[in-house]
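[1] Output the structure for:
(chains A and B)
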Protein chains: 2
Amino acid sequence: MGNLTYKGVRDFYPEDERIKRYIFDVLEKTVELYGYEPYNASVLEPTELYASKTSEEIVNEQTYTFTDRGGRSVTLRPEMTPTVARMVSSKRRELGFPLRWYSIQNFFRYEKPQRGRLREFWQLNVDLFGATDTAADAEIVEIAYRVLRAFGATEEMFTIKIADRNLLETAFDASGMTVEQKRAYRKVLDKKNKMSEDEFEKEVRAITENDPLLLIQKRDISIEQALGETETLLNRLNARGIHNVEFDPSIVRGFDYYTGMVFEIFDTSEENNRALFGGGRYDYLVKEYGGEDVPAVGFGMGDVTVRDFLETHTLLPNARATTDLYLAPATPEDVEKASGTAQFLRNAGLQVALGLKHKKISDHIKAAEKLAIPFFAVYGAKEEESGMISIRTIKTKEETTVPLEGVARIIEAL
Amino acid sequence: MGNLTYKGVRDFYPEDERIKRYIFDVLEKTVELYGYEPYNASVLEPTELYASKTSEEIVNEQTYTFTDRGGRSVTLRPEMTPTVARMVSSKRRELGFPLRWYSIQNFFRYEKPQRGRLREFWQLNVDLFGATDTAADAEIVEIAYRVLRAFGATEEMFTIKIADRNLLETAFDASGMTVEQKRAYRKVLDKKNKMSEDEFEKEVRAITENDPLLLIQKRDISIEQALGETETLLNRLNARGIHNVEFDPSIVRGFDYYTGMVFEIFDTSEENNRALFGGGRYDYLVKEYGGEDVPAVGFGMGDVTVRDFLETHTLLPNARATTDLYLAPATPEDVEKASGTAQFLRNAGLQVALGLKHKKISDHIKAAEKLAIPFFAVYGAKEEESGMISIRTIKTKEETTVPLEGVARIIEAL
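    Next comes the predicted model:
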């Protein structure tokens, strides 16, 4: 028999699934407070959806693309933006704007598995359609900020870096670069974080002698207007109580479809000092799927990087088993009796696992312990007669005897 | 530009996503009451996982199978049981038993799209590992029943039909059938519901002259013992308050791995009279992935059939937008002011969408209406000065003026 798991993807056993759910719950609650509505789509997309939209590297080297039994070329989505742009485009007449949507879904890229990079990952996508104002940009950056704060992160734990694709384009023009030089420069910029400053300068000099970043830093007159918008955005964010945000013209983001503001959030810790996630404005993508202009701004946030961030800063809570109580029948003949009692307790809101296979009470207790269920009780003829039941806290071995009607209240209190 | 959606899969716009979530929430709450813990796994599985495990028809004709960029054969999972059996097998030493697990995940089959059948569907899977007693079988059937009851279904709306693979095997042996005859007979039986009685009899006669179903109906002495177990199970279910359950030896289920009890739930309505979902016992599958015997029993329930059932019986509630309030700035200059107020209301637990792109209040109201947000308010200099805000119910056009601190309470009450 061969290896029966596929490399680079994860099994979520309950202890991991609980952490994933905790993370998703915080994400959902936070974005819903801002009026974002959930949507979803299939992981299967026709390959044409990505043609000249997503980054070339992803489409040519990293997608899972294959031919189905009917001869159609299918791709497992590598990111959400083309899908959501397609969905908005095809119903733009019926939808209300500004449209606020979010989803938490899985994505696929054929990459070498390594820390923070897997072949399947989950990602929150938050998008605001139909508004061009910097207030829309501010809202998207604000939500990215609030999501991290909702996990308990402080402003010291991360930094938001903001730039503007227009600013870079203006600087490109001022430095007289060709289309090919621009593309090469953007690629180098996107990898800036993974290089030393010397390496970066060397790569830039191989492309152009007038580094456009230097033009921006020198604040040439021609770029004053583009800078103005970024400053308005920074002011709005400061006014909303966000202080760990700064202008950094070297931020570009890998995707070709960005047209304006782009941002990235960095972990400030020494062990995990890297870009966590980001997003930006993409005003022309929806139109490319047919119809009118629908300006858009959004961000995506992967589960692997978030979990790394939360672990680095010890922000993950201990997630115990979902189940409250293991109820063991006093003897194997008492199963139906115990089953009725379990049902009574479920009606009171408790999550009750019924003991089944063991005969000895000590084996039932061991099973409850291994299953990480916090409370334990026995039910049989004695309990039926007295109407009393003893609740054992597995960890402390302490027991409290209460009437059946009091079990739910006691377990909540313990 | 070609067709940019893939045939046979679904986009979930918010109105559909809300229904899906309502259904998943009911499923999760119900199974968690029985002590089931959530798990998850990737949709990508090595193709070998399914070799001679799942039904031959599915593996040979319906899976999405392709070769990845590294030359490995990958399959998009067509069902959950091989995956969960693999997961339990590989950690069986660390896991506690009886082990109760559930998941709600998506699956892929290349089929002709039609009512109730799509190329991607979502399915609840509920499995109980490590217990062979009929009490375990009873629990699985009971949960399937409680799930439908939790949606508001009455016993009149569905019927549970139970059989036993052992019973069929015993009848097979009694009728002296060959291995090939048995396989052909099982296939015909699995399609019995889609044929007339005449068609069925004709197909059976083409295989054997001794219809084993008739042997079971005649209750030959040799099958009395196998019948005993089914009767115990029926008695247990009746004792648990379940009355719409019956013995039906013609139930087989399509998968090869079932070894004992099998069941199917049928919609009793005239428009939708068909099998909704089902499950059964599979005691040897976990062992096939390595190690010791781990007996198992479980069921799977697809989202498409459940939704059809709920719609047929008008059991689906109206799901409104998640967002509570659309807060419009009085003028475009008031955006940051309104943004601060929106944040104040979010801290009080309200889900607030900030008005952005429109200038006229009437356009904001129209946007709120199109977005299906139930409440609307304006915030500007007047509201800032007075500390009072007018909450408009979009549907009735009625307005209530309250202090800012009272908005959350009023919206909950309205």
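
[2] Residue ranges in chain A under the pLDDT threshold?
    A:1-3, A:52-57, A:116, A:220-222 (pLDDT under 70).

[3] per the record, what domains does chain A have?
    Listed by automatic domain parsing, the domain ranges of chain A are A:14-175+A:210-312, A:325-413.

[4] Reformat those domains into JSON lines and put mean neighbour count and distance to residue B:223 next to each item.
    Where you see a C-beta, it was placed from the backbone N, CA and C, and this is true even at glycine. Shown next, in JSON lines, are the domains of chain A (neighbours: other C-beta atoms under 10 Å in any protein chain shown; distance: least, C-beta to C-beta, whole Å):
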{"stretch": "domain A:14-175+A:210-312", "mean neighbour count": "19", "distance to residue B:223": "40"}
{"stretch": "domain A:325-413", "mean neighbour count": "18", "distance to residue B:223": "26"}
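
[5] can these go into TSV with extra columns for distance to chain B?
    As requested, the domains of chain A are exported to TSV (distance: least, C-beta to the nearest C-beta, whole Å):
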stretch	distance to chain B
domain A:14-175+A:210-312	3
domain A:325-413	3
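
[6] These: which one's closest to residue B:331?
    domain A:14-175+A:210-312 (12.8 Å; C-beta to C-beta).

[7] mind checking how far the closest one is from the chain centre?
    Domain A:14-175+A:210-312 sits 11 Å away from the centroid of its parent chain (C-alpha atoms, centre = their mean, to the nearest Å).

[8] Quick one: end-to-end distance for it.
    22 Å (C-alpha to C-alpha, to the nearest Å).

[9] wait, residue A:344 sits on residue A:404?
    Yes - assessed by C-beta atoms under 8 Å, residue A:344 is found in contact with residue A:404 at 6.8 Å.

[10] still on that earlier bit, distance to residue B:356 added to the domains of chain A, as CSV?
    Shown next, in CSV, are these (distance: least, C-beta to C-beta, whole Å):
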stretch, distance to residue B:356
domain A:14-175+A:210-312, 4
domain A:325-413, 41
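
[11] What are the contacting residues of the helix with the most length in chain A?
    Taking DSSP state H as the criterion, chain A has its longest helix at helix A:14-33. Here helix A:14-33 makes contact (C-beta atoms under 8 Å, 6 or more residues apart in numbering or on different chains) with A:10, A:12, A:38, A:102, A:104, A:122, A:124, A:126, A:143, A:146-147, A:150-151, A:301, A:303, A:306-307, A:310, A:316-317, A:319, A:321-322, B:37-40, B:101, B:322-323, B:346, B:350-352.

[12] what's the angle from that helix to helix B:14-33?
    140 degrees (axes from the mean of the first three to the mean of the last three C-alpha atoms, to 10 degrees).

[13] any idea which helix or strand comes after helix A:14-33?
    Tracing the chain past helix A:14-33, the next element assigned as helix or strand by DSSP states H and E is strand A:37-38.

[14] Show me what that following strand packs onto, helices and strands only.
    Where contact means 3 or more C-beta pairs under 8 Å, 6 or more residues apart in numbering or on different chains; DSSP states H and E, strand A:37-38 is packed against strand A:99-108, helix B:14-33.

[15] Residue A:149 falls within a helix, correct?
    Yes - under DSSP: H, G, I helix; E, B strand; the rest coil, residue A:149 sits within a helix.

[16] The contacts of helix A:14-33 in strands, which ones?
    If you go by DSSP state E, those have A:12, A:38, A:102, A:104, A:122, A:124, A:126, A:301, B:37-38, B:40, B:101, B:352 in strands.

[17] Any idea which of the domains of chain A gets closest to residue B:340?
    Closest among the domains of chain A, using C-beta to C-beta: domain A:14-175+A:210-312, at 7.5 Å.

[18] Can you check which of the domains of chain A gets nearest to residue B:199?
    Nearest of the domains of chain A (C-beta to C-beta): domain A:14-175+A:210-312, 28.4 Å.

[19] Strands along the stretch 301-414 of chain A, start to end?
    A:325-329, A:352-354, A:375-379, A:388-393, A:399-403 (DSSP state E, counting those that start in this stretch).

[20] can I get those in TSV with distance to residue B:200?
    Converted to TSV, these look like this (distance: least, C-beta to C-beta, whole Å):
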stretch	distance to residue B:200
strand A:325-329	43
strand A:352-354	39
strand A:375-379	46
strand A:388-393	52
strand A:399-403	56
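
[21] could the helices and strands packed on strand A:37-38 go into CSV alongside distance to residue B:210?
    Converted to CSV, these look like this (distance: least, C-beta to C-beta, whole Å):
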stretch, distance to residue B:210
strand A:99-108, 51
helix B:14-33, 42
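
[22] Nearest to residue B:86, out of the ones you listed?
    Nearest of these (C-beta to C-beta): strand A:99-108, 19.0 Å.

[23] Which other helices and strands does that closest one contact?
    Packed next to strand A:99-108, using 3+ C-beta pairs under 8 Å, 6+ apart, are helix A:14-33, strand A:37-38, strand A:40-41, helix A:81-90, strand A:120-129.

[24] partners of that strand, with directions?
    Note on strand A:99-108: by DSSP bridges, its sheet partners are strand A:37-38 (parallel), strand A:120-129 (antiparallel).

[25] Export the ones you listed to CSV and append columns for distance to residue A:361.
    Shown next, in CSV, are these (distance: least, C-beta to C-beta, whole Å):
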stretch, distance to residue A:361
strand A:37-38, 46
strand A:120-129, 42
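
[26] Looking at those strands, which is nearest to residue A:358?
    Short answer: strand A:120-129, nearest of the strands paired with strand A:99-108 by C-beta to C-beta, at 37.2 Å.

[27] Just the CA atoms of that closest one, as PDB, please.
    Extracted C-alpha coordinates of strand A:120-129, given in PDB (Å, rounded to 0.1, in the frame of the first residue of the first chain):
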ATOM      1  CA  GLU A 120      -4.000  24.000   0.300                       C
ATOM      2  CA  PHE A 121      -4.600  26.900   2.600                       C
ATOM      3  CA  TRP A 122      -7.700  28.700   3.900                       C
ATOM      4  CA  GLN A 123      -8.200  32.400   3.500                       C
ATOM      5  CA  LEU A 124     -10.500  35.200   4.600                       C
ATOM      6  CA  ASN A 125     -11.400  37.500   1.700                       C
ATOM      7  CA  VAL A 126     -13.000  40.900   2.500                       C
ATOM      8  CA  ASP A 127     -14.100  43.100  -0.400                       C
ATOM      9  CA  LEU A 128     -15.900  46.400  -0.800                       C
ATOM     10  CA  PHE A 129     -17.300  47.100  -4.300                       C
END
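
[28] so it versus helix A:81-90, what angle?
    Strand A:120-129 and helix A:81-90 are oriented at 40 degrees to each other (the same axes, to 10 degrees).

[29] Against residue A:162, how distant is the residue nearest to residue A:142 when sequence neighbours are not counted?
    Distances taken as C-beta to C-beta, 6 or more residues apart in numbering or on different chains place residue A:240 nearest to residue A:142, at 5.6 Å, with adjacent residues excluded. For residue A:240, the distance to residue A:162 equals 14 Å [C-beta to C-beta, to the nearest Å].

[30] for residue A:318, same thing?
    Counting by C-beta to C-beta - residue A:318 and residue A:162 are separated by 35 Å.

[31] What of residue A:280?
    9 Å.

[32] which SS state does residue A:161 fall under?
    Three-state call for residue A:161 (three-state DSSP): strand.

[33] Over to the closest residue in space to residue A:249 that isn't next to it in sequence: give its phi and psi.
    Distances taken as C-beta to C-beta, 6+ apart place residue A:216 nearest to residue A:249, at 4.4 Å, with adjacent residues excluded. Dihedral pair for residue A:216: phi -70, psi -40, per degrees, to the nearest 10.
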